[in-house]
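Undergrad: sharing a model that was predicted from the sequence below.
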Protein chains: 4
Amino acid sequence: MATQAQAVFQVSTPDRPGLVARFAGFFFDLGVNIVDASHHAAASLEGTEPRFYMRIVVDLAGLSQPQALAKLGGSTSRRALEEAFDQLAQSLGARWEVSYADVPDRVALFVTRESACLYDLVLRQQQGELPCEIAFVAANRPDLEHVANSFRLPFFCLPVTKETKRDQESQLLELVKRHHVNLVILARYMQVLTDDFLQAAPPVINIHHGFLPAFQGAKPYHQAFERGVKLVGATAHYATKDLDQGPIIEQDVVRANHAMDPEELVRMGRDVERVVLARAVRAHLERRVFVDGRRTIIL
Amino acid sequence: MATQAQAVFQVSTPDRPGLVARFAGFFFDLGVNIVDASHHAAASLEGTEPRFYMRIVVDLAGLSQPQALAKLGGSTSRRALEEAFDQLAQSLGARWEVSYADVPDRVALFVTRESACLYDLVLRQQQGELPCEIAFVAANRPDLEHVANSFRLPFFCLPVTKETKRDQESQLLELVKRHHVNLVILARYMQVLTDDFLQAAPPVINIHHGFLPAFQGAKPYHQAFERGVKLVGATAHYATKDLDQGPIIEQDVVRANHAMDPEELVRMGRDVERVVLARAVRAHLERRVFVDGRRTIIL
Amino acid sequence: MATQAQAVFQVSTPDRPGLVARFAGFFFDLGVNIVDASHHAAASLEGTEPRFYMRIVVDLAGLSQPQALAKLGGSTSRRALEEAFDQLAQSLGARWEVSYADVPDRVALFVTRESACLYDLVLRQQQGELPCEIAFVAANRPDLEHVANSFRLPFFCLPVTKETKRDQESQLLELVKRHHVNLVILARYMQVLTDDFLQAAPPVINIHHGFLPAFQGAKPYHQAFERGVKLVGATAHYATKDLDQGPIIEQDVVRANHAMDPEELVRMGRDVERVVLARAVRAHLERRVFVDGRRTIIL
Amino acid sequence: MATQAQAVFQVSTPDRPGLVARFAGFFFDLGVNIVDASHHAAASLEGTEPRFYMRIVVDLAGLSQPQALAKLGGSTSRRALEEAFDQLAQSLGARWEVSYADVPDRVALFVTRESACLYDLVLRQQQGELPCEIAFVAANRPDLEHVANSFRLPFFCLPVTKETKRDQESQLLELVKRHHVNLVILARYMQVLTDDFLQAAPPVINIHHGFLPAFQGAKPYHQAFERGVKLVGATAHYATKDLDQGPIIEQDVVRANHAMDPEELVRMGRDVERVVLARAVRAHLERRVFVDGRRTIIL
């Protein structure tokens, strides 16, 4: 897990020889130690150009050494490091981002009535499993206010109707911005977000209580029961304007059988949903997730 | 596992009180010992009448005792037992079937080019895992003849084109009947069977190399790769005229990740397919599978 | 799930022909409908007599009908039903117990410092997944008092040292009796209970954070790391005087790899522990668990 | 999967900054493209020095380019490449090995009576799943000769008694050497190999039909049955002189229940064994396995 002095660089670039050596060499030359690194060259099925993805975790302690000072032109600020890295990235046509362990993500949780995922995420955050701060909980109903209160989290209830959807989303977006949120988690938020909201908002992770793409849309467990499937599952994915079609981050299943009615499937599914959502959120927060078209690469 | 002297009764009837007592009592009164019994009352989602399914394994040794002799009117033949059971069944509006351990099912394996499932089923049958006889192997290509030969199984190659499909299926059906086959297994047979064939044939079990209903149709692993799913699976189901829509008997999954190309997913999927198909075939042969509309009950 | 008018009978008896018919017939004759029934004749490895176990869920509504009235000698009380069943049971040498859905079990949770299992069990109970009442939370440290408080559950802190262990256990036992507790759950209670306590207490379910019998005793995740296992698991079992040797109720695993340090294994294991413990508790509360020597039968 | 022109370098060295950059840079400077690379710095629990492990797959096509020619002093032979790499390795105190895709491993299969793992490995090798040649099959009994024959594999039957063990192992070793075998697979070979054999032989992979370290020694499924475990598994590991204590390469489990007798557990276990052994062998052949004390690192 990242400690205070660490940074994670995420790089994406057209694949070509020597990229690992170039990026690893950059930090080696600075005297900045690479704590963890992994990469993947994503093959393409349709003949488009393959892309290279790399995740590099570095220990910033090295920044204060003379070697870094010399290379970075006298400054050892994060800014100087970023500028130097950007030069390398530009020369390779790479897109990149960096995040610092001591600047944790700020997360907003959107909920409706079901408490399982809400409790689960808050408890994991408290136990140090999720490196983030929970900025607030928002809901379209008041039911879960007591949960937010018991953990002393700000709670905003913004009811929504077909007519007020646009307004309500504006208010949500306003909250997201005012609280400097950079990740929204739909923890069983029973509303579809508009493309306008998704375009304007930071990344949004949704938990779908079904094994996508098997059971899209509503009541997946009823669909599963009627079809007699022997497994039920859950899928965490980035929300996109096409419902339940965003890049899948994580999914899992449990065995089911004929004796389980839809309520029992829902109950079993809830256990999978929580674990799948938590794993996906953790991977995102640790900057392991790269979106490659309709897929994700998890490094 | 069933031994020589055992029979399995499968019963299906509209649900009502006292059914377990009635069916169990029938054998108790005869002095015929119940070795294993299980039942399920299938709830219905659409308000249709719930049905009761029961599987009863009995030890026929009791049939030769005076108690059975007296109850069955002097005869202790299987025929007499069946007639007595039929009377009970009719009084309850039940459908039923019986199979005897010393009259094993006769199975036909339909294949094309891939050998994994063929080898797997034959080896399991040889090791006593599948209580059946393999009557023959049929194929629309000659590729796997050497496999059938190495196990001394009859092999019939019946090529098929769009124009000859009807004829070829007639020949297959002829083979099925001549060899007294009562189960057909599509062990990666790369042809869709017509409804006419399915209507005339004994039950047909198919292995679909994908997690239904997620990836119906062709190239499911390519679909899975492009969509970036984190699990791949296989589904064994009874073949019906709607492709990949028949009642599911068994399914399972393995974890996948971004680094696996479609070929790797195929390879991993092959391991799941074999196990899923074998489990489904075994459940069918042991008379554990009951079809309840679009679902199965496995007792 | 059991509704108000239901009762669950658990029967254990030496195996012999006709038991299913006898027990099912008992309720049929009374006009009491069997909602669910399952049974198992446990084979014995060492040549001891095989035992028969049966679980029967009945709908007590039938008790108020004339048929039951006649059979039970004019009374349709639960007491009369129990007396009639006891006669049958005695004639078969059976041990039996009955529980009623409208008299839920009263559960005590013993904890120390870790909150995950405590939260999990309380939230499941609130959501109706666990048919019981939580009588109180007891701990040997004060750390989790706020959790009990937030759910308005009585909390008793009973510190323990080597010298005071006997006294502390007496106090625990006193609490258990005063609150009419009939199930104790060790939800990460970091103390070994003496045989004296276990003899005097109602059943005790423990969660062991390892895959028994692989990693008994302390620090199983460190053991797992050093040995390089590729799976880590958890085991829920009845507590007996031999540490981690009691009959196993449920267990499960998750995949691990070399990159996970002991802390990561602990984190992953926590997810398994919660689910495994919850499944075991639910099976116990639903009266599905039968202890057969060192094993359990789950019906 | 490796193609003809590829090589895999395995490196192990005390951990220190800059290793990724150094090794990646070596190939970049030569113009030899890295197809795949991964590494792990193994934390140590006991305070011993952490070690760094790296697996690098390169495309040797680059060797014939002028850049490599210049750097390697006029030669572009594999020998020249190895010498250059060895210089780097020595400067870093690294141990290393290289294998070439066009020089496949030669594997010997040791068996006794059970055919499942033998069939499985041979079929997978034939389907291209296992990049190796099968040099021969050896057995201490004649039972499986027909299987070897049906695949036209040399079969050597070397019976063994307590008295002849040393001699028999000498003969096995002689066969291993004469056939240039560099991997021995114990595919249900029911003999313990002596330390003398293991010292003299190439790596030996064993499949243990139990979930280590839970059920060491004989009859693990009987142990599992008597203990009532809810999962049964299999473990593939390198054979060492301490029975069932060698570094674990892969393991997996399937769910079990009370209704399964030891024979059924054996049958289910066989499915896990085959898959676990095949995965372990494949990882070894692809040079993904690094032994780190009692553990393995799989890259």
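TA: Everything's here; your move.

Undergrad: test my guess that A:Ala239 contacts A:His208.
TA: No - under the criterion of CB atoms under 8 Å, A:Ala239 makes no contact with A:His208, lying 9.8 Å away. The C-beta positions use only the backbone N, C-alpha and C, and glycine is treated the same way.

Undergrad: residues in contact with stretch A:252-266?
TA: A:209, A:211, A:221-222, A:224-225, A:228-234, A:268-269, A:271-272, A:275-276, B:40, B:42-43, B:45, B:230-231, B:253, B:292, B:295-298, C:1, D:255 (CB atoms under 8 Å, 6 or more residues apart in numbering or on different chains).

Undergrad: helix, strand or coil: sort out A:Thr76 for me.
TA: coil (DSSP: H, G, I helix; E, B strand; the rest coil).

Undergrad: check contacts around it.
TA: A:Thr76 is in contact with A:Leu63, A:Ser64, A:Ala68, A:Leu69, counting by CB under 8 Å, 6+ apart.

Undergrad: for A:Gln127, state which of those residues is nearest.
TA: A:Gln127 lies nearest to A:Leu63 out of these, by CB to CB, at 30.5 Å.

Undergrad: who's in contact with that closest one?
TA: So A:Leu63 contacts A:Leu30, A:Val32, A:Leu72, A:Thr76, A:Arg78, A:Leu81 (CB under 8 Å, 6+ apart).

Undergrad: just the buried residues from the contacts of A:Thr76, in PyMOL please.
TA: Burial among those is assessed by 16 or more other CB atoms under 10 Å in any protein chain shown; the matching PyMOL selection reads:
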select buried, chain A and resi 63+68+69
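
Undergrad: next, format the contacts of A:Thr76 as TSV and append pLDDT and secondary structure.
TA: As requested, the contacts of A:Thr76 are exported to TSV (pLDDT from 0 to 100; DSSP: H, G, I helix; E, B strand; the rest coil):
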residue	pLDDT	secondary structure
A:Leu63	87	helix
A:Ser64	84	helix
A:Ala68	86	helix
A:Leu69	84	helix
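
Undergrad: what ranges does the stretch 51-200 of chain A have for its helices?
TA: Counting by DSSP state H, counting those that start in this stretch, the stretch 51-200 of chain A has these helices, from start to end: A:66-71, A:78-91, A:116-126, A:145-150, A:165-178, A:195-200.

Undergrad: shaky segments in chain A?
TA: Filtered on pLDDT under 70, chain A yields the residue ranges A:1-4, A:44-47, A:212-213.

Undergrad: tell me how many other residues surround the residue in the stretch 151-299 of chain A positioned nearest to chain D.
TA: Residue nearest to chain D within the stretch 151-299 of chain A: A:Arg255 (7.5 Å; CB to the nearest CB). A:Arg255 has 12 neighbours, counted by other CB atoms under 10 Å in any protein chain shown.

Undergrad: ok, A:Gly246 next?
TA: 24.

Undergrad: got it, and A:Asn33?
TA: Neighbourhood size, A:Asn33 [other CB under 10 Å]: 17.

Undergrad: how far off helix C:116-126 does the longest helix anywhere in chain A point, in degrees?
TA: Ordering each helix of chain A by length in residues (DSSP state H) puts helix A:262-285 first. Orientation check (axes from the mean of the first three to the mean of the last three CA atoms, to 10 degrees): helix A:262-285 against helix C:116-126 gives 140 degrees.

Undergrad: buried residues in helix A:262-285?
TA: For helix A:262-285, by 16+ other CB under 10 Å, it's A:262, A:264-285.

Undergrad: which non-adjacent residue is nearest the closest residue to chain C within the stretch 51-200 of chain A?
TA: Closest to chain C within the stretch 51-200 of chain A is A:Ser150: 4.8 Å, counting by CB to the nearest CB. The shortest distance from A:Ser150 to any non-neighbouring residue, by CB to CB, 6 or more residues apart in numbering or on different chains, is to C:Ser150 (4.8 Å).

Undergrad: now A:Ile298
TA: A:Arg288 (5.3 Å).

Undergrad: number of residues surrounding that neighbour?
TA: So A:Arg288, with other CB under 10 Å, has 17 neighbours.

Undergrad: and it, backbone torsions?
TA: phi -100, psi -10 (degrees, to the nearest 10).

Undergrad: would you mind measuring from it to C:Asp261?
TA: 17 Å (CB to CB, to the nearest Å).

Undergrad: check A:Leu19 too.
TA: Taking CB to CB, one finds A:Leu19 at 29 Å from C:Asp261.

Undergrad: okay, the two: which has more neighbours?
TA: Shown here are A:Leu19 and C:Asp261; by other CB under 10 Å, A:Leu19 has more neighbours (22 against 16).

Undergrad: domain ranges for chain A, per the record?
TA: Following automatic domain parsing, chain A resolves into domains at A:6-100, A:105-298.

Undergrad: can you tell me which of those is most buried?
TA: Mean neighbour counts were taken over these using mean count of other CB atoms under 10 Å in any protein chain shown, and the top value, a mean of 19, falls to domain A:105-298.

Undergrad: just the strands in the stretch 101-250 of chain A please.
TA: Here the stretch 101-250 of chain A has its strands, by DSSP state E, counting those that start in this stretch, at A:105-111, A:132-139, A:155-157, A:183-186, A:204-208, A:231-238, A:248-255.

Undergrad: go ahead and confirm A:Glu226 touches B:Ile248.
TA: No - the criterion here is CB under 8 Å, and A:Glu226 misses it with B:Ile248 at 11.3 Å.

Undergrad: anything in contact with each of the two?
TA: Contacts common to A:Glu226 and B:Ile248, judged by CB under 8 Å, 6+ apart, are B:Arg295.

Undergrad: ok, back up a step: for the strands of the stretch 101-250 of chain A, give me TSV that also has distance to B:Val176.
TA: Below are those laid out as TSV (distance: least, CB to CB, whole Å):
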stretch	distance to B:Val176
strand A:105-111	57
strand A:132-139	60
strand A:155-157	65
strand A:183-186	52
strand A:204-208	43
strand A:231-238	32
strand A:248-255	33
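
Undergrad: and C:Pro202, which of the ones you listed is closest to it?
TA: C:Pro202 sits nearest to strand A:248-255 of all the strands of the stretch 101-250 of chain A, at 30.0 Å, using CB to CB.

Undergrad: got the angle for that closest one vs strand C:248-255?
TA: 150 degrees.

Undergrad: neighbouring strands of strand A:248-255 in the sheet, and parallel or not?
TA: strand A:231-238 (antiparallel) (DSSP bridges).

Undergrad: one step back: which one, of the strands of the stretch 101-250 of chain A, ends up nearest to C:Ser115?
TA: So among the strands of the stretch 101-250 of chain A, strand A:132-139 is nearest, using CB to CB, at 16.8 Å.

Undergrad: okay, the closest one in CSV with CA atoms only?
TA: This file holds the C-alpha atoms of strand A:132-139, laid out as CSV (Å, rounded to 0.1, in the frame of the first residue of the first chain):
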residue,chain,number,x,y,z
CYS,A,132,-9.5,7.9,0.1
GLU,A,133,-11.6,10.4,2.0
ILE,A,134,-15.4,10.1,1.9
ALA,A,135,-16.5,13.7,1.1
PHE,A,136,-20.2,13.1,1.4
VAL,A,137,-23.2,10.8,0.9
ALA,A,138,-25.9,11.9,-1.5
ALA,A,139,-29.3,10.2,-2.0
